[in-house]
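Undergrad: below: sequence and its predicted model.
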Amino acid sequence: MNPPVHGQPLHTRSLTLHLTQREDGRMRAFGNVIDLRKRGFVPMMGDLQPAGVIHHMVIDAVIDPGSRVLEQLDVAQPVVAIEPAPATQGESCRDSAPALQTLVGHRIDPAFGRALTETYGGPRGCSHLYTLFQMMAAALPRALDFEAEQLAQTDAQRRPDETIFRRTIMLDGLEQPGPKLQMLVQLADVANRPEALVDRPLDRLAWQHELRAVLTHSTRSFEIIEVGAHERRRDAETLGSAPWRDRGDDVAFLIDEPIMPGLGGRLLRAFAERDDAHHLMHAFLQFAPGFIQCTAAFSGSFYERGQKMSKGTKDAMQMGGGTDSCHMWRRESPLLQIRTQQLRRG
């Protein structure tokens, strides 16, 4: 099932989770987010941010599989949008990361996402680290459940550093005439059987759960004009025969709705209590943050055509983030004060 996508590539976002066995019986959950801008540039404080890798951030966690308690957390941000500078009064995107340490000691369960939001959401943290940790927190309980069930049925033991589970989410944004923005999200979970139980490499595959979703919206009105989704689950025996399930009817209610604000709330209200919609919801939750990443590259087309922008488009494409969207753009931040002064001057 190949989604009908086309257009000029603008941006790719990669979110990954890699769960492995540690020698001490704990598990290591390693996640990263990479944003790759494919064209254009954005004026930042004291510099121009061109195409290339614009964000690269890592969360490296240690979890006790028995209690499911987060025991250790290391965070790295090799590439950030805003480095310390006089204009930022020495602030940078890395300043908020230590706040995540307050989550050490929490259980990885359905309540963890709420604790993450209260600790690090909006102006409290970095929106990219927050999105990455949200993805990890959503995937880990299912991965831990699978591992507990699998090991309960066998005497096999995992070797140190053996892969247990992976989740990958890839988002691509493409510009289309209209003007329109089309985004494709591909989410895949892959669970491994213990190496001690297999002879052939492919037999390590316990199962793969895959979902592909497409959303197109008008950049004039921000209204969603097209959605689609297909989903399948397969294992080593059904790699070539597992059918795709069309989930388009489940997301048709998003047509004519704005992509932002409010997309996340609409998805949570529709799907949070439906176990059969876990992958569907978490794929579609990537569209709003993905849209934000695409707008910087998309904005160049407006300037090239001399096209008049709507107020909403201007707000989305202006330099920097929305008020209280992250720590750097919190209401009292130096950056917001500078931008307010610039907008007043026209």
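TA: That came in fine, so what should we check first?

Undergrad: tell me what the longest helix along the chain is packed against?
TA: For the chain, the longest helix by residue count, based on DSSP state H, is helix 127-152. The elements that helix 127-152 packs onto, with contact taken as 3 or more Cβ pairs under 8 Å, 6 or more residues apart in numbering; DSSP states H and E, are strand 8-21, strand 27-44, strand 47-63, helix 112-120, strand 163-176, strand 180-192, helix 278-284. Backbone N, C-alpha and C define where each C-beta goes, glycine included.

Undergrad: quick one: closest of these to Ile225.
TA: Using Cβ to Cβ as the measure, strand 180-192 is the one of the helices and strands packed on helix 127-152 that comes nearest Ile225, at 7.2 Å.

Undergrad: follow-up on the earlier one: okay if I get the helices and strands packed on helix 127-152 as JSON lines plus distance to Gln157 and mean pLDDT?
TA: JSON lines is the format used below for these (distance: least, Cβ to Cβ, whole Å; pLDDT from 0 to 100):
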{"stretch": "strand 8-21", "distance to Gln157": "9", "mean pLDDT": "96"}
{"stretch": "strand 27-44", "distance to Gln157": "13", "mean pLDDT": "90"}
{"stretch": "strand 47-63", "distance to Gln157": "18", "mean pLDDT": "92"}
{"stretch": "helix 112-120", "distance to Gln157": "27", "mean pLDDT": "93"}
{"stretch": "strand 163-176", "distance to Gln157": "12", "mean pLDDT": "96"}
{"stretch": "strand 180-192", "distance to Gln157": "14", "mean pLDDT": "96"}
{"stretch": "helix 278-284", "distance to Gln157": "29", "mean pLDDT": "96"}
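
Undergrad: do me a favour and get the end-to-end distance for stretch 63-77?
TA: 21 Å (Cα to Cα, to the nearest Å).

Undergrad: just the helices in the stretch 201-346 of the chain please.
TA: Using DSSP state H, counting those that start in this stretch, the helices of the stretch 201-346 of the chain run over residues 248-251, 263-271, 278-284, 287-305, 311-317, 334-344.

Undergrad: nearest to Phe41, of these?
TA: Phe41 lies closest, by Cβ to Cβ, to one member of these: helix 287-305, at 8.0 Å.

Undergrad: quick one: average confidence on that closest one?
TA: Averaged over helix 287-305, pLDDT sits at 75.

Undergrad: next one: stretch 241-260
TA: On average, stretch 241-260 scores 95.

Undergrad: any buried residues in it, and which?
TA: Arg247, Asp250, Val251, Leu254, Pro258, Ile259, Met260 (16 or more other Cβ atoms under 10 Å).
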